[in-house]
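Enquirer: what would the 3D arrangement of this be:
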Amino acid sequence: MLLLLGGFLLLMLLGVPVAIAMAGSSLLYILVSGVTPDVTLAQRMIAGVESFPLLAVPFFILAGNLMNIAGVTGRIYKFAVALVGWMRGGLGHVNIIGSVIFSGMSGTAIADAAGLGTIEIKAMKDHGYSTEFSVGVTAASATLGPIIPPSLPFVIYGMMANVSIGALFLGGVIPGIVMTLLMMATVTYFAHRNKWGSDTPFSWPQLGAAGLEIVIVFSFPLAIWLMVLAGLSTNLAVVIGLGALLAIDWYFDFSAVMALMAPVILIGGMTLGWFTPTEAAVAAVIWSLFLGLVRYRTMTLQTVAKATFDTIETTASVLFIVTAASIFAWLLTVSQAAQLLSDWMLGITHNKWVFLALANVLILFVGCFIDTTAAITILVPILLPIVLKLGIDPIHFGLIMTLNLMIGLLHPPLGMVLFVLARVAKLSVERTTVAILPWLVPLLLALIAITYMPDLTLWLPKYMGLSK
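Expert: Numbering: from 1, shown residues only. You can find the predicted model right below:
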């Protein structure tokens with residue numbers, strides 16, 4: 001066990017990529033200990049990606065990339081300005097609302113930071129906001145990407161923990177709202193402290209138009225339900241509803257109706273059992289292509305090809321981490337490291353609330369050093385048995401783990417969102433880190449609320465019948 005963990009830590013300290021560090025230390029442990037034939041390394045790594053739910057990963061990544069080139073990000077920004085730009089510290093609120101909408105399509109914090117972040121930071125700097133504040137609010141709001149469904153970390157966690165991915169998606173809705181409100185409260189605090197005004201004049205017509213878009217989106221599932229009650233088949237009702245929606249949007253050319261519909265269709269379809277998370281991811285890709293090629297006509301074959309190759313590159317890195325982490329996690333179990341850690345933690349406490357506090361500290365620490373996918377793949381086999389023994393709902397724990405790891409993305413030494421925003425804003429990593437520090441307050445408050453108020457996560461999945 002010490003050889004396995006020591007080899008991994010040594011390789012990480014030497015700057016070896018996390019996937020190679022896990023695979024290398026696993027191979028070293030197998031060769032030295034002789035615990036299993038060396039061919040097991042390849043077998044377990046291949047088995048780590050032989051999972052149908054993992055097919056959702058490349059499709060969600062592709063959907064986010066396609067949305068970036070479909071011109072949707074600019075429309076989301078315009079909609080958010082109309083909705084909250086008139087508030088004090090307006091573009092700070094716009095930044096957060098834009099991330100809420102974009103998170104319903106991309107599923108990753110990095111896509112949010114790289115996609116909307118470029119537009120938001122430039123606009124905020126043009127309106128006189130400091131680069132540090134612009135970077136801080138963009139980093140904090142990017143953490144909403146994997147909390148508000150769909151979410152790539154939820155797909156990985158659901159596969160590892162053998163829980164409903166649809167339930168995890170629904171479980172992220174209310175925590176996402178809580179995080180949004182806490183971040184907007186933080187913007188309000190900075191606005192009052194610095195005596196900032198609004199960035200766009202208050203306009204009833206603009207606010208009314210933005211509100212109308214929200215009403216139209218939320219009317220869609222209500223209209224489907226009413227048509228089904230009237231005797232139409234569900235499939236026919238959906239076709240009629242989508243046709244009416246497209247006609248309305250084409251006539252009025254709304255800013256964000258089509259983008260807002262993405263999470264409604266995906267979550268609703270999974271909740272009603274129309275499709276699996278993988279099929280939902282494919283639907284997201286089809287929706288993205290429709291918006292870019294037909295509705296907005298902003299895509300070309302060249303841009304689609306570029307988005308596809310970017311997706312291949314990202315997917316390869318994610319799945320390589322999953323394969324390496326699978327053998328590493330299996331060896332931790334075989335070497336009794338997982339059992340020793342479980343016994344140690346249960347020796348400290350049998351109180352689930354104390355355990356959750358310790359788990360938060362552990363996952364936050366791990367998230368600062370290890371990629372999100374690798375951290376989930378390693379930690380779930382270790383912590384899930386304790387979670388089940390203490391009677392903690394694994395869906396609730398999935399939200400806790402994901403939010404911890406999202407906060408880890410904002411920290412050195414391996415915080416990817418930190419590095420993306422440092423590059424976008426042309427700031428040093430040190431200045432970017434300092435800019436993000438105040439935004440840890442609302443994120444940690446959200447983490448505490450989600451940890452110790454399980455109903456924030458579990459009420460909606462239970463209400464929709466996806467959780468006990």
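Enquirer: contacts, neighbours, all on C-alpha from now
Expert: Noted.
Enquirer: find the residue at the geometric middle of this structure.
Expert: When C-alpha atoms, centre = their mean is applied to the chain, the residue found nearest the centroid is Pro146 (1.0 Å).
Enquirer: tell me the pLDDT at it?
Expert: Looking at Pro146, its pLDDT reads 85.
Enquirer: on the three-state scheme, it is what?
Expert: The assignment at Pro146 comes out as coil when based on DSSP: H, G, I helix; E, B strand; the rest coil.
Enquirer: could you measure it against Phe252, distance?
Expert: For Pro146, the distance to Phe252 (C-alpha to C-alpha, to the nearest Å) stands at 31 Å.
Enquirer: same thing with Trp287?
Expert: 19 Å.
Enquirer: quick one: which of the two has more around it?
Expert: The neighbour comparison of Trp287 against Phe252 (other C-alpha atoms under 10 Å) goes to Trp287, with 21 against 9.
Enquirer: next SSE after the helix or strand containing that one?
Expert: Here Trp287 sits within helix 277-289, counting by DSSP states H and E. Moving toward the C-terminus from helix 277-289, the next helix or strand (DSSP H and E) is helix 301-334.
Enquirer: who does that next one touch, helix- and strand-wise?
Expert: Applying 3 or more C-alpha pairs under 8 Å, 6 or more residues apart in numbering; DSSP states H and E, we find helix 301-334 packed against helix 18-33, helix 39-47, helix 56-69, helix 372-389.
Enquirer: report the buried residues of it.
Expert: 304, 307-308, 311, 314-315, 318-333 (16 or more other C-alpha atoms under 10 Å).
Enquirer: neighbours of Gly211, how many?
Expert: Gly211: 14 surrounding residues under other C-alpha under 10 Å.
Enquirer: who touches the nearest residue to it once chain neighbours are set aside in this structure?
Expert: Leaving aside its chain neighbours, Gly211 sits nearest to Leu83 (7.3 Å; criterion: C-alpha to C-alpha, 6 or more residues apart in numbering). For Leu83, the contacting residues are Val94, Gln206, Leu207, Ala210, Gly211, by C-alpha atoms under 8 Å, 6 or more residues apart in numbering.
Enquirer: likewise for Arg75?
Expert: When contacts are counted by C-alpha under 8 Å, 6+ apart, Arg75 is found next to Ser255, Ala256.
Enquirer: before we move on, the earlier item: need the helices and strands packed on helix 301-334 in a markdown table (columns: distance to Ala230, mean pLDDT and mean neighbour count).
Expert: Shown next, in a markdown table, are those (distance: least, C-alpha to C-alpha, whole Å; pLDDT from 0 to 100; neighbours: other C-alpha atoms under 10 Å):
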| stretch | distance to Ala230 | mean pLDDT | mean neighbour count |
| --- | --- | --- | --- |
| helix 18-33 | 54 | 85 | 20 |
| helix 39-47 | 48 | 78 | 15 |
| helix 56-69 | 34 | 81 | 25 |
| helix 372-389 | 44 | 88 | 20 |
